Structure formats: C-alpha cells, structure tokens
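>>> Make a model of this:
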Amino acid sequence: MSGYVYVLAAASLWGLIGPLSKLSFAAGMDTVEVAFWRTTLAWFFFAGQAVCARETRIAPRDLPAVAGFGVAGIAGLFGAYVVAVEAGGAALASVLLYTAPAWVALLSWLFLKEPMGGFKLAAVAATVLGVAGVSLGPGFSGEAAFDGKAIFFGLLSGVTYALYYIFGKYYLSRYRTPTLFLYALPVGSLTLLPFVHFTRPTLAGAVPCLLLAIFSTYGAYSIYYAGLRRLEATRAAVVATLEPVIAAVLAYAMFGERFSFVGYLGAGLIIGSVLLTIWDGARERLRAPLPGRTGSRAG
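Predicted coordinates:
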C-alpha cells in the first residue's frame, strides 16, 4: 500500500495549488507570473538535491524528450492551471485537472501496454462523470455555468497533466526525479517567460509562490514519483483525484467557493473512483500467486 500512501500525500500537497495561487493573485501578481516563479523557485530545490547526490547526468539521446516535457508538462500544465484558477476559481480548476485519468488510461493502453480491466474502466468513468458534474452544471452557488475560458484551460491542464504519468513511467527507471526536473524546469521557465507580466514584488504575493515551489512542486512531485514507481500509471492517476476534493474544501473555507448540488455529486463520484481503485489493487494482490508457486491456490 506504500504506493497509494505516496500518491495520496502528493495529492494533498497539490490541493494547495489553487488556494495559494489565489492568494498571490489577491496580492496583485499576474496570473502567468505565479506559474513562472513557482517553476523557477522549485528548480533551486531540485537542482540542489541533484548536485548533492551527484546525479546530474542525462544521456544526450534523452534530452529532447526531457526538453519537450519541460515545454508541455511544465509550462503547459503550470500555465494553463493558473489561468483556469483565475478564470473559474480554485475548486473548478482542480477538478477539471482530473480529466487526466481518462487521457492516461488511453495513453497507457497505447504506449505502456497496461491492461484495461473492468474495474479500472469503471473508476475512470466515475472520474469523468464526476468532472462533468462539477464543470458542466451550474456555477458556484447555483449561478450561471462557468465560462468557456475556465473550462478550456482547465481541460488543457488535464491533457498536459496526463503527460506526467507517461513520461514518468518511461524515464523514472533511468533517472531519479531531481535529475529530470533539473533539466525540465528551466525549459518550462523559459517557455513561460514571454507571457509573464512582472509586477512589483510584495511579501503577501511572494510567500504563497515560495510555498507553491517547496510543497506543491518539489515536495509533491518527489513524493508522487516515488509512488508511481510502485503503481500502474492509470491507478496512480485515479488515486490522485483526491486533490480536487481537498482543493474544493480549502476554496470553500478560504474564499467561499461553493458548488451546486450537481457539483458536490460529482465530487462524490471522484472519491468513489479513488476507493474503487484502491480496492481493485488490493483484490488483484490477493489473487496473485505467491512467489515460488506455479498454481493460483495456496494449498
């Protein structure tokens, strides 16, 4: 169960992204500026760990893939996500991010040759239905539905987020997490730079950005990829959908963001998909033959 514990811990830290970003927005920081500083500050922590561990080398043949991940997975995700937070709120952005399991399931089946069993399909379907309930129903407190900008960038963050699972499964067997982010994060920062409107720094805006870098980027990805080494990509993606529930609770407590009944029903489906994924994983482990036995029965 250690893989599930790691992924759930990372999801809790990711649940802070929306609320912390909104605190920086309230302090006057530009939307993409928050993503830029989150990316840049996090690099110092990954770089320090990689240098101290003397794990800074990447094979030249892998550099294009790592750079591409920096553009799509770092700049694409971080940028799209903060725009979705600004346009539709922290709760909506976090929930839309979790269209990712549907993309992961398809990509894992195509490229990682992972099986698509009935329970896994049911968990992904529940996740998608939950996302639909939150995003396509009435807006906060029963108001008009969310605008297209919030939904578009929220879904875009889900597509780019899916790349983390596929990229991690291919390259975590070759490199440690700090080594990969040592090279990917600067590419992401440079990609975001042309879209940044820098504002006068204030303590109220800088502190949330620093917390985003330490906890929701360096800490969360280090913990998450430790879990991904122990779980299939699709299972990890679905379990991590606890993040939008945490973000929704914080958004309600801090900013008064409240979904309609349909939205809360969608959040319930997301929690159910997480529980179904954990149960299915435990069921498969119990059915697996013990090492050294050729049959499926213990007796």
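>>> buried ones in stretch 27-46?
Buried residues in stretch 27-46, counting neighbours by 16 or more other CB atoms under 10 Å, are found at 27, 29-43, 45-46. For every residue, glycine as well, the C-beta is placed using N, CA and C.
>>> I should have written stretch 148-165 there, sorry.
Result for stretch 148-165 [16+ other CB under 10 Å]: buried residues 150-165.
>>> what's in contact with that stretch?
Where contact means CB atoms under 8 Å, 6 or more residues apart in numbering, the residues beyond stretch 148-165 that reach it are 69, 72-73, 76-77, 80-81, 83-84, 87-89, 92-93, 95-101, 103-104, 107-108, 135, 228, 233-234, 236-237.
>>> surely Ile166 meets Leu110?
No. Under the criterion of CB atoms under 8 Å, Ile166 lies out of contact with Leu110, with a separation of 9.4 Å.
>>> returning to that earlier point: and the furthest pair within the buried residues of stretch 148-165?
Taking CB to CB, the two most distant members of these are Ala150 and Tyr165; they sit 24.1 Å apart.
>>> more crowded one of Ile166 and Leu110?
The residue with more neighbours, out of Ile166 and Leu110, is Ile166; 20 against 10, by other CB atoms under 10 Å.
>>> pLDDT averaged over whichever helix or strand the more buried one is part of, what's the number?
In this structure, Ile166 is located in helix 148-171 according to DSSP states H and E. The average of the pLDDT scores along helix 148-171 is 84.
>>> State the next helix or strand along the chain beyond it.
Scanning the chain past helix 148-171 towards its C-terminal end, the next helix or strand to appear is helix 177-192 (assignment: DSSP H and E).
>>> Give the other helices and strands that that following helix contacts.
In terms of contact count using 3 or more CB pairs under 8 Å, 6 or more residues apart in numbering; DSSP states H and E, helix 177-192 is assigned the packing partners helix 31-52, helix 63-69, helix 77-88, helix 220-228.
>>> Lowest average pLDDT across these?
Taking each of the helices and strands packed on helix 177-192 in turn, the one with the lowest mean pLDDT is helix 220-228, at a mean of 85.
>>> Okay, angle between that one and helix 148-171 too, please.
Using axes from the mean of the first three to the mean of the last three CA atoms, to 10 degrees, one finds that helix 220-228 and helix 148-171 are set 50 degrees apart in direction.
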